[in-house]
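S.K.: take this sequence and fold it.
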Amino acid sequence: MALKLNLMAGYWSSHPPQNMVAMAQLAERLGCHGFFTAEAYGSDALTPLAWVGAQTERIKLGTAIAQISARTPTSLAMHAITLDHLSNGRVILGLGVSGPQVVEGWYGRPFAKPLARTRAYIDIIRQVLARDEPVEHQSEHYTLPYPADAPGSWGLGKPLKSIVHPLRSDLPIFLGAEGPKNVKMATEICDGWFPLYFSPTGPKVYAEQTANLKPGFEIFCPVRIAITDDIEGALARVKENLALYVGGMGARDRNFHNDLVARMGYADAAAKIQDLYLDGKRREAVAAVPDSLADEISLIGPPERIRDRLAAWEESPVTGLMVWAADERELTQMAELVVGR
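M.R.: Next up is the predicted model:
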């Protein structure tokens, strides 16, 4: 199956990217499917989409991801409805729980029970989008309306419908997920899934979750594409990212990315990477990342090597690639390889 190509702008580093709009416009001309943004604890994921959406016509506008602790579910539903109207139905609402360090450290919210919290969050958004009845929800995570007998309540809350009629009641909702239960939930209640790492040639880590996907379900996977003869040098950059996530993104006993790499068949390497990284030996941690792992989850090499390796991705459950491009030349080369197949 032909893969959809999506340009990933990510969240900003210390400053806004200078070529964001130009790259989105080029992606649209090249036939790319979507333009996606993210957020961590700096730039938000929604404002750049409004900016880009005003200066493009067709390309989808997606969050990958919007953090559910950053906004109440009704607030994010309002953002999605507004942007979907302004963009004439181009929004893909990608959600995720982020991690405990961000949720508890930046948003000051508890991270406990992320799956149940996600399910409740999506239920409320679906109610807002459907606009069949006033929104009501009772769970340990969200209560709408706010109870009259709760601390600080004035007792005046009542169920409400969105004033604005959503352009699409079926606006697509994707979920960023890694754990088997979270991925299974994504396939059940969402329209798409963002893996973090996916190997089309290694152990079928998500075989059970992807065995019977509903029609139209999308899997958009972030993939580092590097068109180069210097395979070793390009793999080194992938390994740097892997070392950061597998070694440093989380506590020693709670790192979802480390757990995933272990399930992918690299348990010993994952443990070694984490030990080195948390001991401050970051160069050694990068060196401990197996070349084979970095190669499995990326598309690196001369054009002919990438074309050959794309076949495995096309035969996998993945329906789209999410890529980063440094400049217009690099994005054009990627589109020629993926969209032009």
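S.K.: CA atoms for contacts and neighbours, from now on please.
M.R.: Will do.
S.K.: list the helices and strands the host helix or strand of residue 118 packs on?
M.R.: Assigning secondary structure by DSSP states H and E places residue 118 in helix 114-130. Contacts defined by 3 or more CA pairs under 8 Å, 6 or more residues apart in numbering; DSSP states H and E place helix 114-130 against helix 73-86.
S.K.: 10 Å instead?
M.R.: If contacts are counted by 3 or more CA pairs under 10 Å, 6 or more residues apart in numbering; DSSP states H and E, helix 114-130 sits against helix 73-86, strand 91-96, strand 137-138, strand 143-144, strand 173-176, helix 180-189.
S.K.: endpoints of stretch 186-198, how far apart?
M.R.: 16 Å (CA to CA, to the nearest Å).
S.K.: average pLDDT for it?
M.R.: Averaged across stretch 186-198, pLDDT comes to 97.
S.K.: buried stuff in it?
M.R.: Residues of stretch 186-198 classed as buried: 186, 187, 190, 191, 192, 193, 194, 195, 197, 198 (neighbour count, 16 or more other CA atoms under 10 Å).
S.K.: any chance of the residues you listed in CSV, plus distance to residue 55?
M.R.: Shown next, in CSV, are the buried residues of stretch 186-198 (distance: CA to CA, whole Å):
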residue, distance to residue 55
186, 31
187, 33
190, 29
191, 26
192, 26
193, 27
194, 26
195, 29
197, 32
198, 33
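S.K.: now, which of those sits nearest residue 239?
M.R.: residue 197 (12.5 Å; CA to CA).
S.K.: I figured the closest one hits residue 238, correct?
M.R.: No - using CA atoms under 10 Å, residue 197 is not in contact with residue 238, being 11.5 Å away.
S.K.: between those two, which contacts overlap?
M.R.: 223, 293, 294, 297, 298 (CA atoms under 10 Å, 6 or more residues apart in numbering).
S.K.: helix or strand for residue 211, which one?
M.R.: Using DSSP H and E, residue 211 falls outside every helix and strand.
S.K.: do I have it right that it meets residue 205?
M.R.: No - taking contacts as CA under 10 Å, residue 211 lies outside contact range of residue 205: 11.5 Å.
S.K.: got the angle between the helix holding residue 118 and strand 91-96?
M.R.: 160 degrees (axes from the mean of the first three to the mean of the last three CA atoms, to 10 degrees).
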